[in-house]
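Trainee: The following block contains a protein sequence and its predicted model.
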Amino acid sequence: MKPASYGPFPYSPIIHRPKRSWPNGARVALWIIPNIEYFPLDEPIPGGGKTVPDVPAWSVRDYGNRIGVFRIMDVLDRYGARGTVALNSDICKHHPEIIAECQKRQWEFMGHNETNSYRLNDVPPGEDGEIIRRTVEVITKATGTPPRGWLGSGLQQTWNTLDQLADNGIHYVADWVNDDQPIPMKLDGGRSIMGIPYSLELNDKPAFERRNRTAEQFESMIRRQFDVLWREGETQARVMAIALHPYLIGMPNRIGALDSALEYICKHEGVWLATGSEIADAGRAWG
């Protein structure tokens with residue numbers, strides 16, 4: 001997209017939109033996004049110090065990939081929910097066992113850079129497109145299916161990212177957190193890509209690391225957000241995204257909060273347990 005003062009879509013206040021519905025009349029599309037990430041021991045951890053190895057910061061993240069992610073899988077299995085994995089493609093090279101367990105559950109994979117040690121807007125010009133190309137290529141080879149979605153590391157993009165994603169077969173992107181419904185984004189050459197709502201609110205990383213929320217408070221946040229969206233969803237379909245990181249919510253003292261919150265949500269009628277592709281396709285069908 002070209003540099004502009006507003007996004008690649010028209011401003012659309014939700015009070016002026018036609019009524020939108022999910023399949024089977026669901027009020028809320030519940031979208032659960034485990035961020036499964038790789039951090040090299042010989043590179044600085046983003047947000048940490050510059051010295052390597054940073055053993056404590058690296059080790060806790062490795063705990064997420066060794067143990068925490070499988071706790072998340074157990075909880076989602078209990079409610080018949082499939083994750084849409086924001087996947088660093090380096091996981092395919094270093095931890096293929098995780099990929100295999102996700103595939104057993106028919107989870108979806110979306111691209112999430114090669115590693116979380118850098119972001120698209122931090123690399124030299126031209127390298128951002130190569131990162132996208134390599135990420136898509138590796139995930140496709142490892143899983144047998146090209147990823148249809150993308151979440152940038154840190155949700156960061158350059159002016160070229162949307163077009164580069166479309167060039168590599170990506171159908172939807174989750175970096176834009178400015179709506180409760182999917183947004184069609186217009187690209188150069190008459191192409192389009194769907195934006196679907198991710199969350200920086202119902203996200204364990206800012207909740208636990210920046211806002212110092214307890215597990216009980218995070219559970220309460222999920223319940224409160226659902227209550228509002230479920231009520232509003234009676235007249236206008238909503239997406240509720242829950243972003244998870246195995247090294248955070250996957251800790252023994254926190255995993256129960258996710259379990260309890262999903263139990264509460266799934267007791268309600270009108271909840272669609274959806275993947276990113278399903279939400280994007282439904283939004284595109286709205287026209």
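Mentor: Everything's here; your move.
Trainee: for the protein, longest strand please?
Mentor: The strand that spans the most residues within the chain, counting by DSSP state E, is strand 28-36.
Trainee: List the buried residues of the helix or strand just after it.
Mentor: Next in sequence after strand 28-36, counting helices and strands by DSSP states H and E, comes helix 55-63. Across helix 55-63, burial judged by 16 or more other CB atoms under 10 Å covers 57-58, 61-62. All C-beta atoms are positioned from the backbone trio N, CA, C, and that covers glycine.
Trainee: and if you look at stretch 261-281?
Mentor: For stretch 261-281, by 16+ other CB under 10 Å, it's 261-262, 265, 271-281.
Trainee: what's it in contact with?
Mentor: Identification of contacts with stretch 261-281 by CB atoms under 8 Å, 6 or more residues apart in numbering yields 22-31, 33, 75-76, 78-82, 84, 107-108, 110, 148-149, 171-172, 174, 182, 194, 196, 219, 222-223, 226, 230, 233-234, 239, 282.
Trainee: Now with 7 Å, please.
Mentor: For stretch 261-281, the external contacting residues (CB atoms under 7 Å, 6 or more residues apart in numbering) are 22-23, 25-31, 75, 79-82, 84, 108, 110, 148-149, 171-172, 174, 182, 194, 196, 219, 222-223, 226, 230, 233, 239.
Trainee: from those, which ones fall inside strands?
Mentor: Within these, residues falling in strands by DSSP E are 28-31, 84, 108, 110, 149, 172, 194, 239.
Trainee: Reformat these into CSV and put distance to residue 165 and pLDDT next to each item.
Mentor: Formatted as CSV, the ones in strands among the contacts of stretch 261-281 follow (distance: CB to CB, whole Å; pLDDT from 0 to 100):
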residue, distance to residue 165, pLDDT
28, 27, 98
29, 22, 98
30, 25, 98
31, 19, 98
84, 16, 98
108, 16, 98
110, 10, 98
149, 9, 98
172, 9, 98
194, 11, 98
239, 19, 98
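Trainee: Could I get the buried residue list for stretch 174-182?
Mentor: Quick answer for stretch 174-182 (16+ other CB under 10 Å): 174-176, 180-182.
Trainee: quick one, strands of the stretch 101-250 of the chain?
Mentor: 108-111, 149-150, 172-173, 183-186, 192-195, 238-244 (DSSP state E, counting those that start in this stretch).
Trainee: any chance of the ones you listed in a markdown table, plus distance to residue 254?
Mentor: Below are those laid out as a markdown table (distance: least, CB to CB, whole Å):
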| stretch | distance to residue 254 |
| --- | --- |
| strand 108-111 | 24 |
| strand 149-150 | 26 |
| strand 172-173 | 28 |
| strand 183-186 | 32 |
| strand 192-195 | 29 |
| strand 238-244 | 10 |
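Trainee: Can you tell me which of these is most buried?
Mentor: Sort these by mean neighbour count, taking mean count of other CB atoms under 10 Å, and strand 149-150 sits at the top with a mean of 28.
Trainee: returning to what we had before: tell me the one of the buried residues of helix 55-63 nearest residue 208?
Mentor: residue 61 (13.4 Å; CB to CB).
Trainee: Quick check: residue 188 vs residue 164, distance?
Mentor: 11 Å (CB to CB, to the nearest Å).
Trainee: wait, residue 21
Mentor: In terms of CB to CB, residue 21 sits 33 Å off from residue 164.
Trainee: Between those two, which is the more surrounded one?
Mentor: Set residue 21 next to residue 164 and count neighbours by other CB atoms under 10 Å: residue 164 wins out with 19 against 14.
Trainee: now, which of the buried residues of stretch 174-182 lie within helices?
Mentor: Among the buried residues of stretch 174-182, no member is found in helices (DSSP state H).
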